Every structure is written in structure tokens, then in C-alpha cells.
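>>> model the following, please.
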Amino acid sequence: MKNFKHLNFTSHGNIPFANHARTWFDNGYGISVVATIYDDYEIAVIDADGKLVYDTPITDDVIRCWTSYDVSDIMAQIQNL
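Just a heads-up that it's a prediction; the model follows:
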């Protein structure tokens, strides 16, 4: 099962001083994670095309997390969809 250590962050490009990572899981869902300069993470569930998904049991919006452990927890939830 993938967790935070499997994410490869690169410069976001659209948000100054932010980094971005995406990965996909075997169930067809993925995760988009933005690491901000405020030491938090903004997470979105994405589909195979990289588009945000707003109709999962996990969330209907973007999720803000404070630690890498929180990100790993959300990753596990997405992988279990």
C-alpha cells in the first residue's frame, strides 16, 4: 500500500513556493497533494485523468492536513475505495 513516502514532490508552478505530488492507485483513483509554505497539505481525490473527484465517501471537497501521517491516512482511505 502506498503512503506519504511514495510521493514525489516537485515545484507546483501555479502556486508560488508550493510543491505538488500526484500518484494513482490500482482502483483507478489517485491523490493530488499540495505542500504549502505554511507546513500543511491540501489533498484532493482525483480520477485517472487527474480531474478532481467530489463524490467519494472520503470528501466532497479538498482536504487540509497538517502532517505527513494525515496524508498517509487519506491515501489509505482512497486506496480502499
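
>>> please make it C-alpha for all contacts and neighbour counts, starting now.
Will do.

>>> measure the closest residue to residue 79 other than its chain neighbours to residue 67 for me?
Excluding its sequence neighbours, the residue lying closest to residue 79 (C-alpha to C-alpha, 6 or more residues apart in numbering) is residue 25, at 6.1 Å. Here the distance between residue 25 and residue 67 works out to 21 Å (C-alpha to C-alpha, to the nearest Å).

>>> more crowded one of the two?
Per other C-alpha atoms under 10 Å, whichever of residue 25 and residue 67 has more neighbours is residue 25, with 17 against 12.

>>> and that one, what's its pLDDT?
If you check residue 25, the pLDDT there is 98.

>>> next: the one 10 residues further on.
pLDDT, the model's per-residue confidence, is 96 for residue 35.

>>> can you check residue 17 too?
On pLDDT, residue 17 comes in at 90.

>>> about what we covered before: ok, the residue nearest to residue 79 touching residue 80?
No: at 9.5 Å, residue 25 does not count as touching residue 80 under the criterion of C-alpha atoms under 8 Å.

>>> show me where this structure has helices.
With DSSP state H as the criterion, the chain has helices at 68-79.

>>> how about the strands in the chain?
10-11, 19-24, 30-35, 41-46, 63-65 (DSSP state E).
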